[in-house]
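Peer 1: quick one: sequence and predicted model below, then my questions.
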Amino acid sequence: MDFETPPAPDEQSPEENAETLRRGSARERHERRQQRQHAKPSVAPRQLRPPQQFTMPKIKIPRGSGVLIGIVGAVLFVVLVVYVLGQLRNDEPEIQPNALWLGTEWTYETHTDEEVAALVQKLRDEKIGTIYAWVSYYKYDGTWNAADKFGAVTAFAKQFNAAYPEADLYGWVSVPVQDENGGIREDYATLGQPIADFSKRVLDEFGFKGLFLNVETVWDGDENFLTLLRDVRATVGMDVKISAAIPPDWSPSNSNIPLPPLIEPGTEWAKTYKQSVALLVDHMAVMAYHSGLSSTADYAQWVAYQVKTFADAVAELDTSTDLIIGIPTFDAEPPGHDPLVENVTSAVEGVKLGLQEAGDAASYVRGLAIYGWWTTDDAEWQDFQTAWLDSK
């Protein structure tokens, strides 16, 4: 999930960006999703409850009118069916708005049902209903890492779905774009179908409800990334939820926010490229860390910029795509990440500021995503509760 310091991106012309927006099946997918769901947030299947008792009203029927009796009987039957179905139908439980990354400590190891139940209770307590659980990454030799662990991955997905059925469990699939020497891997342009085929396995064979695609790293105007997303969508279908890791605007030009000292200005996604990706996925998980900044105040302003900029871009589309803002709980990774600067408290401060600045567009920000479970200690959980959950 960590993005290296990027080079200056290639620029894309407005005409090319406009064409990018028009291509693919994104609009068709969006229209179908709009027909399928008219309000956010996403919800799980309906639950049933026993119908309440009721008494049918007495109706006097004139004698000698068999046809009339038949008509009235049919009407009463329809009324009865509608009433009973109305009583059986319960409100749909909402998916909790926040997200979390789970690593191999859960998906590659065996856990008892009691251990999974304890995990689920923690997630419920923290209002976390979207989980990105690690599956594998696509190696440079064209194979998937740790294939011998896929049985354990499947077992965990089954356990988790049974314990937390209303949650969205995404299979976390990683695709490193840079090769072992720091360049771009030679097969990048042809990765779409292999990733799509494996993604279908993650859903059909492993039992995940959706996909979390972590393609590292994607620069502005990257057509290969858009092609990969289209291939995955075409293979898994329109109704499968797809989330993608999105790099922040590292060092945006023409902004008045503090800029990372080690990243060249202008390293950002154009609005039209943000929109191109938004039309192809259900969730954009913006990784708001690794800024390289040295003060919490500067970092909070930088995070606020990410929230507002991405929210503004998505809001212009009138799409059902959500934004989830990734916040860090991991250890120091110099020079990009200093936990004394980038932490739960300072990140949440930045998110709140960005939501205020975004205005109506803030409604597209669904929640926060904690990266990750394996590094979040009790103090950080308390910070999350105090800074974010208690303020909602």
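Peer 2: On my side now, so go ahead.
Peer 1: what about the strands in this structure?
Peer 2: 98-102, 128-137, 168-176, 210-216, 241-246, 283-287, 322-328, 365-371 (DSSP state E).
Peer 1: nearest to residue 160, of the ones you listed?
Peer 2: strand 168-176 (5.6 Å; C-beta to C-beta). Glycine gets a C-beta too; all of them are placed from N, C-alpha and C.
Peer 1: that closest one: how far from the chain's middle?
Peer 2: Offset of strand 168-176 from its chain centre (C-alpha atoms, centre = their mean, to the nearest Å): 10 Å.
Peer 1: then that strand to PDB, C-alphas only?
Peer 2: What follows is strand 168-176, C-alpha atoms only, in PDB (Å, rounded to 0.1, in the frame of the first residue of the first chain):
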ATOM      1  CA  ASP A 168     -18.400  -6.000   2.600                       C
ATOM      2  CA  LEU A 169     -15.400  -8.300   2.500                       C
ATOM      3  CA  TYR A 170     -13.100  -7.400  -0.400                       C
ATOM      4  CA  GLY A 171     -10.300  -9.600  -1.700                       C
ATOM      5  CA  TRP A 172      -7.200  -7.400  -1.700                       C
ATOM      6  CA  VAL A 173      -5.200  -8.100  -4.900                       C
ATOM      7  CA  SER A 174      -1.900  -6.300  -5.400                       C
ATOM      8  CA  VAL A 175      -0.200  -5.600  -8.800                       C
ATOM      9  CA  PRO A 176       3.200  -4.000  -8.600                       C
END
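Peer 1: elements contacting it?
Peer 2: On a contact count with 3 or more C-beta pairs under 8 Å, 6 or more residues apart in numbering; DSSP states H and E, strand 168-176 meets strand 128-137, helix 150-163, helix 192-204, strand 210-216, strand 241-246.
Peer 1: returning to that earlier point: switch the strands of the chain over to JSON lines; also include mean pLDDT and distance to residue 199.
Peer 2: Compiled in JSON lines, these are given as follows (pLDDT from 0 to 100; distance: least, C-beta to C-beta, whole Å):
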{"stretch": "strand 98-102", "mean pLDDT": "98", "distance to residue 199": "18"}
{"stretch": "strand 128-137", "mean pLDDT": "98", "distance to residue 199": "10"}
{"stretch": "strand 168-176", "mean pLDDT": "97", "distance to residue 199": "6"}
{"stretch": "strand 210-216", "mean pLDDT": "97", "distance to residue 199": "5"}
{"stretch": "strand 241-246", "mean pLDDT": "98", "distance to residue 199": "8"}
{"stretch": "strand 283-287", "mean pLDDT": "97", "distance to residue 199": "15"}
{"stretch": "strand 322-328", "mean pLDDT": "98", "distance to residue 199": "19"}
{"stretch": "strand 365-371", "mean pLDDT": "98", "distance to residue 199": "20"}
